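Chemist: the sequence and its predicted three-dimensional model are supplied below.
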Amino acid sequence: MIIYIDMDNTLLATYKGAVLYAEKITGKKLHMLKPEELETDSTIQWLRSAGLEEDEAIDTRIKLFNSVEYWENIPFEKDALSVFKYLYDNHEVYISTSAFLSDSEACYVGKVRWVKKNLPFFNLRRLIYTHAKYNLVGDYIIEDIPSQTVMFKGTPIIFDRPYNRSFPSRLNYRVNSWKEIFTLFTEELKERSIDFYVLKRDKEGKIVYSWTREKNVEEYLLLEDEVIEAYMRTWAYECPDYNPSEGFSYGWR
Ligand SMILES: [Mg+2]
């Protein structure tokens, strides 16, 4: 199976890295955020919650984003390395990260250094810098930003964070830990090589997007890829983050 894995706040505990590096450059002892305290994906807000005043948080965020050392030293999310290695050894695994959205060359360099240092077995030809993750083709994408996965034709696996719980749900799994990802791939998905994307009509004749794990889907109206894609694009246009000329507007904050 082809699996895409996001870096920040999925493979990496980026919020922890931000607080640790902020402690280093400010010399202050800060509050280490817990996963359940992540009400937002904004680095500035993490630094505010960790104890910095707004001006200092804004200033520190600029310093972080422009430091190769920050990007290359972000810690793994708990249990991520061993499960990542398992997936890498058993599937076709790519890392997909929207590094260019950081608008920082330090980020581009720091991320590749992070991969070289922390995943020495990883083939760098599978490191993808892209914002357009939703245009990737594959079976699964593991990601904490649901809008990145809206038009992905495989199955999104959303890494649960408080800030992504209000996103409208569609076909996806939600996991709370890398251990759950391991269980998902070793037990629940073991028998499957592909998910079925199905559209059926409701009582009023409206097309409803659905999915099934069953291979026998006679009750569903199976449509061609083009129809499904058109449906997903319509869905995406209704998504508040979507702009037809620019794609999804989600950016690093
Ligand atoms: Mg992320």
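Modeler: Right, received. Where do you want to start?

Chemist: ok, residue 186 - how many residues close by?
Modeler: Neighbours of residue 186 under the rule other CB atoms under 10 Å: 13. In short, each C-beta sits where N, CA and C put it, glycine included.

Chemist: can you tell me how far it is from the ion?
Modeler: 24 Å (CB to the ion, to the nearest Å).

Chemist: pLDDT score assigned to that residue?
Modeler: Per-residue pLDDT puts residue 186 at 87.

Chemist: same question for residue 151.
Modeler: pLDDT at residue 151 comes out at 78.

Chemist: can you get me a residue count around it?
Modeler: So residue 151, with other CB under 10 Å, has 20 neighbours.

Chemist: quick one: which helix or strand includes the nearest residue to residue 127 once chain neighbours are set aside?
Modeler: Excluding its sequence neighbours, the residue lying closest to residue 127 (CB to CB, 6 or more residues apart in numbering) is residue 95, at 5.1 Å. Using DSSP states H and E, residue 95 falls within strand 92-97.

Chemist: so what secondary structure elements neighbour that strand?
Modeler: With contacts taken as 3 or more CB pairs under 8 Å, 6 or more residues apart in numbering; DSSP states H and E, strand 92-97 sits against strand 2-5, strand 127-129.

Chemist: please point out which parts of the shortest one sit buried.
Modeler: What it means is strand 127-129. Going by neighbour count (16 or more other CB atoms under 10 Å), the buried part of strand 127-129 is residue 127.

Chemist: what do you get for stretch 98-108?
Modeler: 98-99, 102, 104, 106-108.

Chemist: what do you get for stretch 130-146?
Modeler: Neighbour-count burial for stretch 130-146 [16+ other CB under 10 Å]: 130-131, 133-134, 136, 138-146.

Chemist: gap between it and the chain center?
Modeler: 7 Å (CA atoms, centre = their mean, to the nearest Å).

Chemist: shaky segments in the stretch 151-253 of the chain?
Modeler: For the stretch 151-253 of the chain, residues meeting the criterion pLDDT under 70 lie at 168-172, 189-202, 205, 207-253.

Chemist: any idea what the residue in the stretch 151-253 of the chain that the ion sits nearest to is bridged to?
Modeler: Residue nearest to the ion within the stretch 151-253 of the chain: residue 159 (7.8 Å; CB to the ion). For residue 159, the beta-bridge assignment (DSSP bridges) gives partners residue 175.

Chemist: isn't it up against residue 10?
Modeler: Yes: using CB atoms under 8 Å, residue 159 is in contact with residue 10, at 4.6 Å.

Chemist: what do these two both touch?
Modeler: 77, 142-144 (CB atoms under 8 Å, 6 or more residues apart in numbering).

Chemist: show me which residues of this structure are close to the ion?
Modeler: Within the chain, the residues that sit near the ion (CB under 5 Å from the ion) are 6, 8-9, 144.

Chemist: break the protein into its domains for me.
Modeler: Following the assignment in automatic domain parsing, the chain carries domains at 2-10+78-191, 14-72, 196-243.

Chemist: at which residues are the helices of this structure located?
Modeler: Along the chain, the segments classed as helices by DSSP state H run 14-26, 43-50, 54-65, 68-72, 80-90, 105-118, 178-183, 225-237.

Chemist: between those, which one is closest to residue 204.
Modeler: helix 225-237 (16.0 Å; CB to CB).

Chemist: please name the residues that touch whichever residue of the stretch 101-250 of the chain sits closest to the ion.
Modeler: Nearest residue of the stretch 101-250 of the chain to the ion (CB to the ion) works out as residue 144 at 4.4 Å. By CB under 8 Å, 6+ apart, residue 144 lies in contact with 6, 8-10, 41, 158-159, 161, 164.

Chemist: that one and residue 118, how far apart?
Modeler: 18 Å (CB to CB, to the nearest Å).
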